[in-house]
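1. Any chance you can model this:
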Amino acid sequence: MPDLSVIILSYNTKNTTKNCLEKLHDSLNSSNISSEIIIVDNESKDGSVEMIKKTLQKSNPKIVYKALFNKKNNGFAKGNNQGLKITNGKNILFLNSDVLIENIDWDSLISYFNQNTNIGALTVKVNLTDGNIDPASHRGFPTVWNSFTYYSKLEKIFGRIPLLNKIFGGYHLKNLNLDTIHEIDSPSGAFYLTPKKLMYKLMGFDDKTFFLYGEDLDLSYRIKQLGFKILYYPKFSVLHLKSISGLKKNDSKIKNEARRHFYSAMKKFYQKHYENKYPKIIRNIVYYFIDLKRKSS
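-> The predicted structure follows:
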């Protein structure tokens, strides 16, 4: 059984995915852990399939490559779940194709993870190209209050002020020191390390509800419901390019489609986890502002 299975979803990002795979290979190859890399392609049409097939030839006793080629775009949640079904590793790492491994000591990280069996998920520090942390990788759950303070800009106003940042900065946990190890509510799916046994118990991402966006938050919520911790571990870091797909994409058609999925996921998450916890009037207000935000973005 490999120590680690890495699942990477590919969708029309040939060069970025190639770079991701090369960095990951070099990093894992310099470690002592055994691993497998599973690439799931969601019907790419930019030459990614040919690139992935060439990458499969890198398989060796230490790093085994596998690939699945979908005939349609199955989305983020289902695509990753397809990869999960063919993993053999003790631990699973969901890694975005636009993430570059920088300074991870895999032996140390996997050893730490295995020794702390109360951890249900872990992320390292996920940096953006501007040097700042990717805010999506260090989140509180989007409760009504957290969402209100974020979208009303109260988090931005009070996020740097001690004591007040705990009250108004819950959406991105502004009161916590980014240089220290601590619990968070959820990382993003960009770098999401979790035990395989737990993933099988939870049946992976909820691909019946989520297509793109929201599935990582939902998974974290369900992990915490089982009593496990989710850890932010800034001893190591990765670089998240982030601007090559989804909401940051220059292609207006892709960007609009991503926006539709983003706000749809917000509503679905609320419906699944919060709707029954608040009065009907709160639900209607939340849905109104989600729809308003979607139209104005």
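2. where are the low-confidence patches of the stretch 101-250 of the chain?
-> Within the stretch 101-250 of the chain, the set of residues satisfying pLDDT under 70 comprises 243-250.
3. for stretch 9-19, the distance to its chain's centre please.
-> Using CA atoms, centre = their mean, to the nearest Å, we find the averaged C-alpha position of stretch 9-19 to lie 16 Å away from the chain's own average C-alpha position.
4. go on, stretch 258-267?
-> Here stretch 258-267 shows a centroid-to-chain-centroid distance of 16 Å under the convention CA atoms, centre = their mean.
5. Let me know the average pLDDT across that stretch.
-> Average pLDDT, stretch 258-267: 85.
6. residue boundaries of the strands in the stretch 151-297 of the chain?
-> In chain order, the stretch 151-297 of the chain shows strands spanning 182-183, 191-195, 229-240, with DSSP state E, counting those that start in this stretch as the criterion.
7. looking at these, which is buried most?
-> When neighbours are counted by mean count of other CB atoms under 10 Å, the highest per-stretch mean among the strands of the stretch 151-297 of the chain falls to strand 191-195, a mean of 24. C-beta here means a position set from N, CA and C on the backbone, and glycine is covered the same way.
8. Does that one pack against any helices or strands, and if so which?
-> Applying 3 or more CB pairs under 8 Å, 6 or more residues apart in numbering; DSSP states H and E, we find strand 191-195 packed against strand 91-95, helix 106-115, strand 119-127, helix 215-225.
9. mind listing what the most centrally placed residue in the chain touches?
-> With the centre of the chain defined as its mean C-alpha position, the nearest residue by CA atoms, centre = their mean is residue 189, 0.8 Å away. Contact criterion CB atoms under 8 Å, 6 or more residues apart in numbering gives 76, 80, 94, 96, 215, 216 as the residues in contact with residue 189.
10. Quick check: the farthest pair among the residues you listed?
-> The most widely separated members of the contacts of residue 189, counting by CB to CB, are 96 and 215 (12.6 Å).
11. any idea how far the residue nearest to residue 176 when sequence neighbours are not counted is from residue 232?
-> The shortest distance from residue 176 to any non-neighbouring residue, by CB to CB, 6 or more residues apart in numbering, is to residue 182 (5.4 Å). Distance of residue 182 to residue 232, given as CB to CB, to the nearest Å: 6 Å.
12. Spit out the residues that contact those two alike.
-> When contacts are counted by CB under 8 Å, 6+ apart, residue 182 and residue 232 have residue 176 as shared neighbours.
13. Which helix runs longest in the chain?
-> Counting residues, the longest helix in the chain under DSSP state H turns out to be helix 252-273.
14. quick one: it to chain centroid distance?
-> In this view, helix 252-273 has its centroid 15 Å away from the chain centroid, taken as CA atoms, centre = their mean.
15. Please name every helix or strand in contact with that helix.
-> Counting contacts by 3+ CB pairs under 8 Å, 6+ apart, the secondary-structure elements packed against helix 252-273 are helix 215-225, helix 280-296.
16. buried sites along that helix?
-> Of the residues in helix 252-273, those buried under the neighbour-count criterion (16 or more other CB atoms under 10 Å) are 255, 258-259, 261-270, 272-273.
17. any chance of the contacts of residue 189 in TSV, plus distance to residue 104?
-> As requested, the contacts of residue 189 are arranged in TSV below (distance: CB to CB, whole Å):
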residue	distance to residue 104
76	23
80	20
94	15
96	15
215	24
216	20
